[in-house]
Structures are given as C-alpha cells and as structure tokens.
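Student: fold the following and give me the result.
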Amino acid sequence: MSRAVILFAHGARDPAWAAPFERLRQLILDILPDATVSLAYLELMQPALPEQVALHAAAGVTEICIIPVFLGQGGHVRRDLPLLITQLQQAHPTLQFKVATAVGEDDAVLQAIARYCIVSAGI
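Tutor: Below is the predicted model of the structure:
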C-alpha cells in the first residue's frame, strides 16, 4: 500500500502566504524523509485538492490522508471539504481517504500556540 499525506490549506492571493505551509511540509519530510507529503489549497492557489489527489493516484498511491491545516473546524472544513471528499471518492473509487480534524483542534497544537503567545508577550 502506497500512502500520501496532503496538507490542505485555504490559499491566498499573496504567494508568500504559503511559506509556513511549505515549511511545515519540509519539517515533516525532515522527520520522515521517505514519506510522500504535498500541499493543496481550497482556493486562490495551486494545486487544488483534486489536482493533487489526481497526481498521487497517477503515481500509484492507494491511500491518502488529508490534513486540514486550519485553526478550527469552520465552514470550509465542515462543509467544503466533505463535498470535495465525496467528489474525490467518486473520481477515484480505488483510493482510500482519511481526513484528519483541523490541526487547531489538537490539544498539543493549541498548547504550542499558547506557549508561543506567552513567550511573545513576555509573561
């Protein structure tokens, strides 16, 4: 079984906005150099999620974990992403999809952000 991870972000008009997500991707690859990790965006940036999934499918990937790199489970994660997943399952019926919760919903992530805020505030 060949697996891939797609970090799924919102997207923005300014290309510099993607830098932290590219850095996150590289941090994962530094820890797991043999992993297949890519980025995809909901809007305004490329590649879009369907394009990235198609690339992985063409490369022989059989299982994809999509990790929403959003701080919360807002409308994009609750509404838009499930619709995209349904479309992707129809377009790629042999692929298995796993969708993680938004990264900001994880306690360890929130604790790391809280530590950053405390250090930044000097308190």
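Student: hmm, who's touching the lengthiest helix in the chain?
Tutor: Assignment by DSSP state H gives helix 107-121 as the longest helix of the chain. Applying CB atoms under 8 Å, 6 or more residues apart in numbering, the contact partners of helix 107-121 are 103, 104. Every residue, glycine included, has its C-beta placed from N, CA and C.
Student: gap between the residue lying closest to residue 99 once chain neighbours are set aside and residue 20?
Tutor: Residue nearest to residue 99 in three dimensions, not counting chain neighbours: residue 66, with 4.9 Å by CB to CB, 6 or more residues apart in numbering. Distance of residue 66 to residue 20, given as CB to CB, to the nearest Å: 18 Å.
Student: ok, residue 28 next?
Tutor: For residue 28, the distance to residue 20 - CB to CB - is 13 Å.
Student: cool, and residue 86?
Tutor: 29 Å.
Student: quick revisit: how many residues are close by the residue nearest to residue 99?
Tutor: By other CB atoms under 10 Å, 21 other residues sit near residue 66.
Student: where does it sit: helix, strand or coil?
Tutor: strand (DSSP: H, G, I helix; E, B strand; the rest coil).
Student: next, give phi and psi for the residue nearest to residue 101 when sequence neighbours are not counted.
Tutor: Of all residues not flanking residue 101 in the chain, residue 73 sits nearest, at 6.8 Å (CB to CB, 6+ apart). In terms of degrees, to the nearest 10, the main-chain angles of residue 73 are phi -90, psi 60.
Student: sorry, back to before: neighbour count winner among residue 28 and residue 20?
Tutor: Shown here are residue 28 and residue 20; by other CB under 10 Å, residue 28 has more neighbours (15 against 11).
Student: can you tell me the element that one falls in?
Tutor: Using DSSP states H and E, residue 28 maps to helix 19-31.
Student: show the average pLDDT along that helix.
Tutor: Mean per-residue pLDDT for helix 19-31: 97.
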